[in-house]
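Asks: Sequence and predicted structure are below.
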Amino acid sequence: MKKRNDFLSYGRQSIDEEDIQMVIETLRSPFLTQGPKIKEFEQAIANYVGAQYAVAFCNGTAALHAACYAAGIGEGDEVITSPITFAASANCVRYMGGTVVFADIDARTYNIDPTEIRKKISSKTKAIIPVDFTGQPADLDAINAIAREHNIVVIEDGAHSLGAEYKGKKVGIQADMTMFSFHPVKPITTAEGGIIVTNNKEYYKKLQLFRSHGIEQTEYSSEQGGWYYEMTDLGYNYRMTDLQAALGLSQLTKIDTFIQRRREIADFYTEAFQDENRIVIPQQLHETNSGWHLYMIQLEKELRKKIFGKMRSMNIGVHVHYIPVYWHPYYQKLGYERGLCPIAENWYEKALTLPIHPQMTIEDLAIIVSNIKELLNQPK
Ligand SMILES: *Cc1c(COP(=O)(O)O)cnc(C)c1O
């Protein structure tokens, strides 16, 4: 096996001089926050995905929280999401006092299965939060059909899927609201950051209200005086800064190159492993074009553990995304039991994330593939 000198993370940002200059210019401008860059960035993301409105937040989790607020989720409401996701997809429901209902995944795509969603619908269901896991869009048409039938809201967790396509169109216009995250491992970065895109003006207004303390941005009558404003609901300070938005604007000009590179890396892995009968490669539906945030293979349980350990000792940052959300002690204490989503649990025992990000070289890839093949060929 070949050992790397430095640790190769499963994901990381790609920052160039242009990005750095954009941030420096903003540092020299009159506005570090609440200035013109935020609106510019919101407009650029809305244009990129083809949505009417966008509201930027300090991170993707805050954006999901705001979307749950805009959807009117509260105590007694149930929200259906996938167990195979980052905890934030479920936590946002808890912030509003709602109940999380987990629906099992489709074994082919690892995304939430619409048939399983149907089984979990009740008179209390208020929303569905599908996750575009690994960058492959969820089955959005089927999910929207269920939502329309039951008059519920779809909040898409697109943390992995900015730039991905569903039936030939960019993700971000299919759901009622879609969240994108700009954490450094995500398709583009603002360090911390997130956004909601929507075509619904009511949601747009509520998202803005929630982001800034619940303070209305409307004009008030002059008899009150120019200082006057009103706080109409309990909001937060969830704003993005102009520094972050400036970085995001610069990053967005490179997204197509980034995703192109991710697709090349995914093709490289697929080609290398498709004839290995002990490796299951990630299946792609023909109606989706993934942005390849993650490349995940499946291996027999013991083999996964061995390969994980050996690859880490070679400085290769393989990972596992994710532990089923309801296995975490917080959700266990709420009463969710193991065995709830058997397909997801079985998948989790076998899943392994291989490094994928735009800065990886052909040498990086060659070492990963040859090490894995060597491990597969070792006697048990
Ligand atoms: C990253 C991520 C989030 C949260 O985004 P942050 O910007 O880190 O708060 C939510 N859901 C999923 C699936 C994620 O991967």
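Replies: Nice, thanks for sending it over. Numbering: from 1, shown residues only.

Asks: Can you report how many residues lie near the residue in the stretch 51-200 of the chain positioned nearest to the ligand?
Replies: Using Cβ to the nearest ligand atom, the single residue of the stretch 51-200 of the chain nearest to the ligand is residue 60, 2.7 Å away. C-beta coordinates here come from the backbone N, C-alpha and C atoms, glycine included. Residue 60 has 26 neighbouring residues, counting by other Cβ atoms under 10 Å.

Asks: quick one, phi psi at it?
Replies: Dihedral pair for residue 60: phi -70, psi -30, per degrees, to the nearest 10.

Asks: Show the contacting residues for it.
Replies: Listed by Cβ atoms under 8 Å, 6 or more residues apart in numbering, the contact partners of residue 60 are 88, 159, 179-183, 186, 193-194.

Asks: For residue 270, what is the enclosing helix or strand?
Replies: Here residue 270, judged by DSSP states H and E, is contained in helix 255-273.

Asks: buried set for that helix?
Replies: Of the residues in helix 255-273, those with enough neighbours to count as buried (16 or more other Cβ atoms under 10 Å) are 255, 258-259, 261-263, 265-266, 268-269, 272-273.

Asks: same for that helix, what does it pack against?
Replies: Judged by 3 or more Cβ pairs under 8 Å, 6 or more residues apart in numbering; DSSP states H and E, helix 255-273 is in contact with strand 295-298, helix 362-377.

Asks: Give the rounded mean pLDDT of the last one.
Replies: For helix 362-377, the per-residue pLDDT values average out at 97.

Asks: That one to helix 255-273, inter-axis angle?
Replies: Using axes from the mean of the first three to the mean of the last three Cα atoms, to 10 degrees, the interaxial angle of helix 362-377 with respect to helix 255-273 works out to 30 degrees.

Asks: next one: helix 362-377 to chain centre, how far?
Replies: Centroid separation for helix 362-377 versus its chain: 28 Å, with Cα atoms, centre = their mean, to the nearest Å.

Asks: swap in the first one?
Replies: Distance of strand 295-298 from the chain centroid (Cα atoms, centre = their mean) equals 17 Å.

Asks: Surely residue 110 touches residue 134?
Replies: Yes. Contact between residue 110 and residue 134 holds when scored by Cβ atoms under 8 Å: they sit 6.7 Å apart.

Asks: Find residues that contact each of these two.
Replies: 282, 296.

Asks: residue ranges of the helices in the stretch 151-300 of the chain, please?
Replies: Across the stretch 151-300 of the chain, reading from the start of the chain, the helices by DSSP state H, counting those that start in this stretch fall at 201-211, 242-252, 255-273.

Asks: wait, isn't residue 210 in contact with residue 236?
Replies: Yes. Look at residue 210 against residue 236 with Cβ under 8 Å: they come within range, at 6.6 Å.

Asks: out of those two, which sits in the more crowded spot?
Replies: For residue 210 and residue 236, the more surrounded residue by other Cβ under 10 Å is residue 210, and the numbers stand at 24 against 17.
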